[in-house]
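1. Dropping the sequence and predicted coords here.
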Amino acid sequence: MITLYCSNKLQKYIGFKDDQIEQNKHNSVNSWNGHLFTINRKKCLFFMNHDTYFSFVVYDIKKPDIKNLNQLFLTGLIKELNKLSLINAEQEAHIKSRFSEVFLHKSINNRKVIGQMNNLIQIMEYYKYNYENIQEFLSQDTYFNTCLLKKENNYFEAKDAIKEKLSQLFTHLQIQK
């Protein structure tokens, strides 16, 4: 189960009003921030993990697509993990079964995560001028998860942080890469 803390903009787009999950469900791998933004006149969903800052973008969202938010999230996550060669087929199947549900929640206003998201969205705005098709950049480039980030005086790459969290999850479940 994934807990998705939605920005106000995403809440309005989805149309949900109240919290739908208890606060004690917070878990480092399961907790994500979601934000809706526009680039090249296309609506996009930006997802970032609270603990690792691992992120991915789902490009060109239409209003009917939002009904399948669970599938959009899961497909985007799997695609990004595969792009970085962080999982194998068995692990992918486990992730699909474990994280098949996405519970929506009002934003908890985690300023560090929101700041990182805004920074990466600004970088994306810059890169859109270097590519004829920004979707090409989003589908091929691994910049968001390979750039150095800072958290509590430590520098790290988001892909390494999520790899560690996933290895802990898979070790616990006896699934090896």
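-> The structure has been received and is ready for your questions. Numbers count the residues shown, from 1 in each chain.
2. Neighbours of residue 138, how many?
-> 24 (other Cβ atoms under 10 Å). For the C-beta atoms, the positions are set from N, CA and C on the backbone; glycine is no exception.
3. Please apply the same query to residue 165.
-> Neighbours of residue 165 using other Cβ under 10 Å come to 17.
4. Run a quick check on it versus residue 52, I expect a contact.
-> Yes: when contacts are counted by Cβ atoms under 8 Å, residue 165 is listed as touching residue 52 (5.9 Å).
5. Give the lowest-confidence helix or strand of this structure, using mean pLDDT as the measure.
-> helix 134-140 (a mean of 72; mean pLDDT, DSSP states H and E).
6. For that one, list the C-alpha coordinates in PDB.
-> C-alpha atoms of helix 134-140 as PDB (Å, rounded to 0.1, in the frame of the first residue of the first chain):
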ATOM      1  CA  ILE A 134      10.100  16.700 -23.300                       C
ATOM      2  CA  GLN A 135       8.600  13.300 -23.000                       C
ATOM      3  CA  GLU A 136      11.800  11.900 -24.600                       C
ATOM      4  CA  PHE A 137      13.800  13.600 -21.800                       C
ATOM      5  CA  LEU A 138      11.500  12.100 -19.100                       C
ATOM      6  CA  SER A 139      11.500   8.600 -20.600                       C
ATOM      7  CA  GLN A 140      15.300   8.300 -21.200                       C
END
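7. What residues of the helix or strand following that helix count as buried?
-> Using DSSP states H and E, the next helix or strand after helix 134-140 towards the C-terminus is helix 143-146. By 16 or more other Cβ atoms under 10 Å, the buried positions in helix 143-146 come out as 144-145.
8. Which strands or helices does the next helix or strand after helix 143-146 pack on?
-> Using DSSP H and E, the helix or strand that follows helix 143-146 in sequence is strand 148-151. Judged by 3 or more Cβ pairs under 8 Å, 6 or more residues apart in numbering; DSSP states H and E, the packing partners of strand 148-151 are strand 154-157.
9. Give me the sheet partners of the strand it packs on and which way each runs.
-> strand 148-151 (antiparallel) (DSSP bridges).
10. Fine by me, thanks again.
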